[in-house]
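J.: Here's a sequence, model it:
(chains A and B)
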Protein chains: 2
Amino acid sequence: MSDQATLLQHVNDLCDTARPAARALALLSNPERQAVLESIAVAIADNSNSILAANTLDLDAAAENNLTAAMIDRLRLDQARLDAIVADVRSVAGQDDPVGRTLEKRDISDGIALEKITVPIGVIAIIFESRPNVTIDAAVLCLRSGNACILRGGKEAVHSNRAFATAITQGLQQAGVDQHAVQLVQHQERELVPLLLKRDDAIDLVVPRGGEGLIRAVVSCSTIPVIKHDKGICSLYVHTDADIAMAIKLIINAKCQRPGVCNTIENLVIDEAIAEKLLPALEPELLGHNVEIRADKKAATILKTATATTDEDWDTEYLDLIISIKTVADINEAITFTNKHSSAHSDGIITTDQAAAELYLRAVDSSCVYHNASTRYTDGSQFGLGAEVGISTNRLHARGPMGVGELCTYKFVLRGNGQIRG
Amino acid sequence: MSDQATLLQHVNDLCDTARPAARALALLSNPERQAVLESIAVAIADNSNSILAANTLDLDAAAENNLTAAMIDRLRLDQARLDAIVADVRSVAGQDDPVGRTLEKRDISDGIALEKITVPIGVIAIIFESRPNVTIDAAVLCLRSGNACILRGGKEAVHSNRAFATAITQGLQQAGVDQHAVQLVQHQERELVPLLLKRDDAIDLVVPRGGEGLIRAVVSCSTIPVIKHDKGICSLYVHTDADIAMAIKLIINAKCQRPGVCNTIENLVIDEAIAEKLLPALEPELLGHNVEIRADKKAATILKTATATTDEDWDTEYLDLIISIKTVADINEAITFTNKHSSAHSDGIITTDQAAAELYLRAVDSSCVYHNASTRYTDGSQFGLGAEVGISTNRLHARGPMGVGELCTYKFVLRGNGQIRG
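T.: Sure thing, here's the model as predicted:
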């Protein structure tokens, strides 16, 4: 256990060294930043044995602490996973440069040339749980976009994270870059986090990645801007004029293709007028995919196997093969229900009526709204944004899938020849 | 004095009614939102007498409380100022619609059509001091961009703010819009603010406008994202290869044209090599404009009238006719000094050397960086952004001058024909 003074000193050290490293990174050219990533890819490959040995220590501790099989799987590294990580690093290096893009260009008052260009955000803190590959992902996405980062991983992966950090430091040194460009927090005490999150003078953005508890803790004590990657309570709405076969196909995909992720639906909203046609055909498909069906009263009278929903169901992210079915009188009730219960992540309408679709797309206040497609597409790589930092549930700066482009901000560059304001 | 339960109830009422109003506003067309503003313009004109009468109460209280002449002037309304406010409302109505703009459009996986479009942020809280016209400015800019707002003005302007709010409510009703689209906080107790700033479930953005104390108080207790409009410590740097006549012209404009505003310079950075040529010519010009000169040792040996700077000077926003002069060995020292002491608002280089200019523009980490032009241009209307919400000193979402465009966020709209993810 480290005492408060030690933790504070560590936070000060992290903060004091991050800004100069960020300023130096911001001046690197695109090929220079690409070379840094290549150097890190090589360092990870070179350090495979020590990384896997460190991971074994974490796995042993996980077994001792009776972590669930799912958690242990998320923690586990092997040579194949390491190879994939190295390939991912090179893939990010190959993505388009997000820095220095001209967003706007025009002459303003008195002939001054204004240019609005993308620049790195600066220093980014990323606080995450268990999965050790996030250490590499986060570092690499920050470096690609010219940002320094401070990484704080979970204690379950402490050995793996440190081994990855050693490889990153090696890669930075090989590339001749300030090793403080990527720093791993060295103390696992919870008390450190609030100290870090008050340093809005030194850190420009904090990204919490993990469960609701972590995210709430960060939001409630941070004076640094936070981009949350919060839960996904998503839904599909089957409008009266839906194609039944398409509806069933989309519902099954959106619920069953990968039930444990955030863009999977939890709630199914259906017009009363189509319930008697849809539900008898849908039920055996859901049961065939081992989905537990919960339903409101009207839907339950048509279904054979549904249990009754409680009020809590509509606000619950199951991350599991469970679906809750809500019947509505019309599209307006569907929109109101969705805006009330969805987490503003991904929601969709299934209909052949274009006017109904456009109303829904406009009125549903989520970061991603779909017409006749599965919500499972909400994803940085599916959207063509490249490797994903995560899916923001914030409304500002970055909304929905975040790529390296969203790790940039902008500045105004103004070139004149002696203009003064009159 | 209202007790805590009353304040909490008021916050709950504000929050419960703001979201439905915001959702309704987001569905209005551009002409409908323009009609709302016209309706408010008419209501302000119709209510001139009662607004001016209310303002007299505030002015009487200000005199009793011995407010400074500058504060009383900021508080004062007269028919000419009211006419200007009405004209401003109509001018905002005439600006380009910031809502529904297509930022990106492309086909993604399996032929789904992705569109990234601008949408209102939702519910915006604006917390401001003394100037009553902010009530109208803020309401109008929010409505133009389809946002509901909760306004909390200072107690000095309480009667004027209420009179304006009455006119706004009348305008909203006339236009057939939910009157909760613009709500004025009705209690002046400080204890209300922290209650409001914990409501990140109901409010999407808070914009504090005022002094450093207000901004710090908001940042330290808000769980809602904040866009600060913080102080401006700006600078000009005179490089060795500067045109002396241009340098003097730009320095005088940037310091003297309007010393009380945030884009005015406080610090002047000059290369040692040009100091002996520049300073003897600059000094009489500064003195002729009644500027008090403070200088570091090297500059002071050349100047006749300068007093010595202290460490505090470099970090002080004078908002007055005072300038601090710092000599540096070269451009690198100038960049380091500027990044350390400027508030990342507006900074400029004066030089005929293009390479030096480009290095400075790239390395100085401020929202607006200038080459051979006065920093006084940092302004929404000068930048062509229309009426200004303020000048953000945040790095995320909005940086530098904020127009109605920065009161929007975006969403992804995806249109398919039955696509499922494989």
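J.: For the stretch 1-150 of chain A, which residues are neighbours of chain B?
T.: Within reach of chain B by CB under 8 Å from any CB of the partner chain, the stretch 1-150 of chain A has these residues: A:R23, A:A26, A:L27, A:R106, A:I108, A:S109, A:I112, A:L114, A:V119, A:I121, A:G122. Every C-beta, even on glycine, is put in place using the N, C-alpha and C of the backbone.
J.: Between the residues you listed, which sits nearest A:R81?
T.: Proximity to A:R81 was ranked across these by CB to CB; first place goes to A:I121, at 29.2 Å.
J.: what's the distance between the residue nearest to A:L407 when sequence neighbours are not counted and chain B?
T.: Take A:L407 and drop its neighbours on the chain: the residue closest to it by CB to CB, 6 or more residues apart in numbering or on different chains is A:S145, 4.0 Å away. Here A:S145 is placed at a distance of 13 Å from chain B (CB to the nearest CB, to the nearest Å).
J.: Quick one: the strands in the stretch 151-300 of chain A, in order.
T.: Along the stretch 151-300 of chain A, the segments classed as strands by DSSP state E, counting those that start in this stretch run A:182-184, A:205-209, A:234-238, A:265-271, A:292-295.
J.: got a list of contacts for the shortest one?
T.: Read it as strand A:182-184. With contact meaning CB atoms under 8 Å, 6 or more residues apart in numbering or on different chains, strand A:182-184 is reached by A:14, A:17-18, A:135, A:139, A:142-143, A:148-153, A:161-162, A:165, A:168-169, A:172.
J.: Moving C-terminal from the lowest-mean-pLDDT helix or strand in chain A, which element do we reach first?
T.: Least confident helix or strand, chain A: helix A:69-75 with a mean of 87, by mean pLDDT, DSSP states H and E. Using DSSP states H and E, the helix or strand that follows helix A:69-75 in sequence is helix A:79-94.
J.: and the residue nearest to A:A295 when sequence neighbours are not counted, what is it in contact with?
T.: Among residues not flanking A:A295 along the chain, A:A306 sits closest, at 3.8 Å (CB to CB, 6+ apart). Residues near A:A306 by CB under 8 Å, 6+ apart: A:I293, A:R294, A:A295, A:A299, A:A300, A:I325.
J.: what packs against the longest helix along chain A?
T.: The longest helix of chain A (DSSP state H) is helix A:4-26. In terms of contacts (3 or more CB pairs under 8 Å, 6 or more residues apart in numbering or on different chains; DSSP states H and E), helix A:4-26 is packed against strand A:113-120, strand A:123-128, strand A:148-152, strand A:182-184, helix A:192-197, helix B:354-363.
J.: What's the mean pLDDT across the third one?
T.: Model confidence over strand A:148-152 averages 97 on the pLDDT scale.
J.: next one: the longest one
T.: Confidence over helix B:354-363 (mean pLDDT, whole number) is 98.
J.: One more: the second one?
T.: For strand A:123-128, the mean per-residue pLDDT is 95.
J.: Show me how far it is from its chain's centre.
T.: 13 Å (CA atoms, centre = their mean, to the nearest Å).
J.: partners of that strand, with directions?
T.: Strand pairing for strand A:123-128, using DSSP bridges, gives strand A:148-152 (parallel), strand A:205-209 (parallel).
J.: Any idea which of the residues of the stretch 1-150 of chain A next to chain B the model trusts least?
T.: A:S109 (83).
J.: now stretch A:14-31, how far from the centre of its chain.
T.: Worked out by CA atoms, centre = their mean, stretch A:14-31 lies 24 Å from the chain centre.
J.: mind listing what's buried in it?
T.: Across stretch A:14-31, burial judged by 16 or more other CB atoms under 10 Å in any protein chain shown covers A:L14, A:C15, A:T17, A:A18, A:R19, A:A21, A:A22, A:R23, A:A24, A:L25, A:A26, A:L28.
J.: can you list the residues of the stretch 201-350 of chain A near chain B?
T.: A:204-205, A:219-220, A:223, A:225-227, A:243, A:246, A:249-250, A:252-254, A:257, A:339, A:348.
J.: Thanks a lot, see you next time.
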